[in-house]
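Peer 1: need the 3D shape of this:
(4 chains)
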2 protein chains.
Amino acid sequence: MRVSAKADYAVRAAAELAAAQKEEAPVKGERLADAQDIPLQFLEHILLELKHHGIVRARRGAKGGYWLARPADEVTVAEIVRAVEGPIAHVQSTPPEDIEYRGNAEHLQAVWIAVRASLRTVLEGVTLADLVSGELPTVVGELTSSKDAWVAR
Amino acid sequence: MRVSAKADYAVRAAAELAAAQKEEAPVKGERLADAQDIPLQFLEHILLELKHHGIVRARRGAKGGYWLARPADEVTVAEIVRAVEGPIAHVQSTPPEDIEYRGNAEHLQAVWIAVRASLRTVLEGVTLADLVSGELPTVVGELTSSKDAWVAR
DNA sequence: GCACTCCTGACCAAGAAGGTCAGGAAAGTC
DNA sequence: GACTTTCCTGACCTTCTTGGTCAGGAGTGC
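Peer 2: Down below sits the predicted model:
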């Protein structure tokens, strides 16, 4: 139940691309790497994955670079995480709806389904436009408003 | 963002222990392994971890076995997951409240905090007693009632 | 003393995480 | 056409995690 460096990097780079969307020119990988302090060559692999998933486009050569394939308010954080980490909240690498529990663990399936659903409400609710503007959806606001949410446990 | 086999096994074994709590005798590891189809020797390591975290107690020898250290309605799924997987929703192995994001990713921290908070509402809301009885808290009921929650994406 | 069961550490194979390196292939510039 | 720039791709690498197995030791009860 942890967030990989790759996913973190991917969202941060995508946020930079979202912010640069008004400029008509593509953004170079190096600028993204500098802005977010990400190892360039690692970032290039990540951007390639995002490109393969249709989230990002790119052009080579001088004046080349990366840009978002869609408007920033149509790209969710969930998409980006899935592109680089694969499906969210799988249990033992299989989706929770496919697991059959026996005996006293029968209802555990519903718990994992709920875990996935709650992750979805957050990750699918936040777009890159939200992220850049800082105007996060109310569901995030509610979850982060409690001081308790900000302390370790 | 996935659930490990270990966490899944741990919760299932704990559910069996919760169900056996009315019997006064401890439950043997082998019975837990059989009931939930878990490799015995692997399960023993998991139970040991749960013991070290004060969730489970054990006695050796004939008539030995495992039992819950507390009533089943005082043990949450979150505790068990943390015992075997470590802290929930860490980013790059550091807690989200300790990360400082720069530039356009500034508000990403709030998103990861929200992710953790939403996981907590589910995992800390479900006790072993809930799990065994099948009477899951309303928050789980709401999240699993939509058909959409049960399909992959 | 013996059987039973947990306890513990060592080990192991496969895969993922988090990168680095080297070169190729488009695109633009002169 | 040569050259530079920047992305594209695959190979490689080290360390850690996952998901176990194995062997033996140590309490407990009869």
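Peer 1: from now on I want contacts and neighbour counts done on CA atoms only, so please keep to that.
Peer 2: Will do.
Peer 1: quick one: the helices in chain A?
Peer 2: Ranges of helices in chain A, per DSSP state H, are A:5-19, A:29-36, A:40-52, A:77-85, A:108-123, A:128-133, A:138-145.
Peer 1: could you dump those helices to TSV with mean neighbour count, mean pLDDT and distance to B:Thr138?
Peer 2: As requested, the helices of chain A are exported to TSV (neighbours: other Cα atoms under 10 Å in any protein chain shown; pLDDT from 0 to 100; distance: least, Cα to Cα, whole Å):
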stretch	mean neighbour count	mean pLDDT	distance to B:Thr138
helix A:5-19	23	98	31
helix A:29-36	17	98	40
helix A:40-52	17	98	37
helix A:77-85	20	98	25
helix A:108-123	23	98	11
helix A:128-133	22	98	29
helix A:138-145	16	98	17
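Peer 1: closest one to B:Ser145 among those helices?
Peer 2: helix A:108-123 (9.3 Å; Cα to Cα).
Peer 1: who's in contact with A:Val151?
Peer 2: Shown in contact with A:Val151 (Cα atoms under 8 Å, 6 or more residues apart in numbering or on different chains): B:Glu97.
Peer 1: need the helices of chain A in CSV (columns: distance to B:Thr94).
Peer 2: Formatted as CSV, the helices of chain A follow (distance: least, Cα to Cα, whole Å):
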stretch, distance to B:Thr94
helix A:5-19, 10
helix A:29-36, 17
helix A:40-52, 20
helix A:77-85, 18
helix A:108-123, 19
helix A:128-133, 21
helix A:138-145, 18
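Peer 1: what's the closest of these to DNA strand D?
Peer 2: Nearest of these to DNA strand D, taken as Cα to the nearest atom of the strand: helix A:29-36 at 3.6 Å.
Peer 1: report all helices and strands that that closest one contacts.
Peer 2: Counting contacts by 3 or more Cα pairs under 8 Å, 6 or more residues apart in numbering or on different chains; DSSP states H and E, helix A:29-36 is packed against helix A:5-19, helix A:40-52.
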